[in-house]
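Enquirer: only the shape, not the letters, is given here:
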């Protein structure tokens, strides 16, 4: 597991270099460790290397890890869990009860269910709206032209805190091409805050392959998995 700690350090160094190049403070960008398909033991290794925020794509897999790691009294309770993958309506209750963030909300119905099912004794559930910033037919996410109405509605729901926008742009080969969709998402967030009087503060964008481009355009949460844990093996 020493490799995981080494890889995490390298990712923090990447973020620091990207922030320096962009003229941003290093603390303005948070590393979200994406642990999907990797076991709870890998999450524990990342925790021991200093990480506290973990992203999961699949609800049940995330719930299994939350349960397993919560049993370790001095360990599990300190973690912050982010759902970054698709959320089906029949899974909203377990997400509302167990996760701290949901990055993939793209329908009002989903947000309403999360609001209704978030336990009152827990802090508000942090929400990012997933935007299909590249307009890909195969991608989830609300279209940029439809985000304003959704953002306004979600911002009024109880037990939720609308934090910002998330996107998974279409892969691009060069740095400048990578920057364009991230720039568009950042501009959209600024526009929504100004026009609707919102106070969104989070841009969940950038992964292992395009971290630097995302930081250059204002990312506050970068989602990194394979560069930390290695190649994924899907069953």
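Expert: Looks like it came in fine. Since this is a predicted model, take the numbers as computed values, not measurements.
Enquirer: so which residues of this protein form helices?
Expert: For the chain, the helices defined by DSSP state H cover 2-22, 40-48, 59-70, 92-98, 108-117, 147-155, 175-196, 211-216, 226-229.
Enquirer: can these go into CSV with extra columns for distance to residue 169 and mean pLDDT?
Expert: For glycine as for every other residue, the C-beta is placed from the backbone atoms N, C-alpha and C. Listed next are these as CSV, based on distance: least, C-beta to C-beta, whole Å; pLDDT from 0 to 100:
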stretch, distance to residue 169, mean pLDDT
helix 2-22, 16, 96
helix 40-48, 25, 92
helix 59-70, 24, 92
helix 92-98, 24, 97
helix 108-117, 22, 98
helix 147-155, 15, 98
helix 175-196, 4, 97
helix 211-216, 9, 97
helix 226-229, 17, 94
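Enquirer: looking at these, which is buried most?
Expert: Comparing the helices of the chain by mean neighbour count (mean count of other C-beta atoms under 10 Å), helix 211-216 comes out on top with a mean of 25.
Enquirer: quickly note the distance from residue 26 to residue 51.
Expert: Between residue 26 and residue 51 the distance, using C-beta to C-beta, to the nearest Å, works out to 16 Å.
Enquirer: ditto for residue 210
Expert: Residue 210 is 21 Å from residue 51, by C-beta to C-beta.
Enquirer: with residue 66 instead?
Expert: 15 Å.
Enquirer: try residue 132
Expert: With the distance defined as C-beta to C-beta, residue 132 ends up 29 Å from residue 51.
Enquirer: residue 133 now?
Expert: On the measure of C-beta to C-beta, residue 133 and residue 51 end up 27 Å apart.
Enquirer: ok, those two, which is more surrounded?
Expert: The residue with more neighbours, out of residue 133 and residue 51, is residue 133; 25 against 22, by other C-beta atoms under 10 Å.
Enquirer: correct me, but that one touches residue 143?
Expert: No - contact criterion C-beta atoms under 8 Å: residue 133 and residue 143 do not qualify, at 9.2 Å.
Enquirer: what is in contact with those two at once?
Expert: Between them, residue 133 and residue 143 share no contacting residue under C-beta atoms under 8 Å, 6 or more residues apart in numbering.
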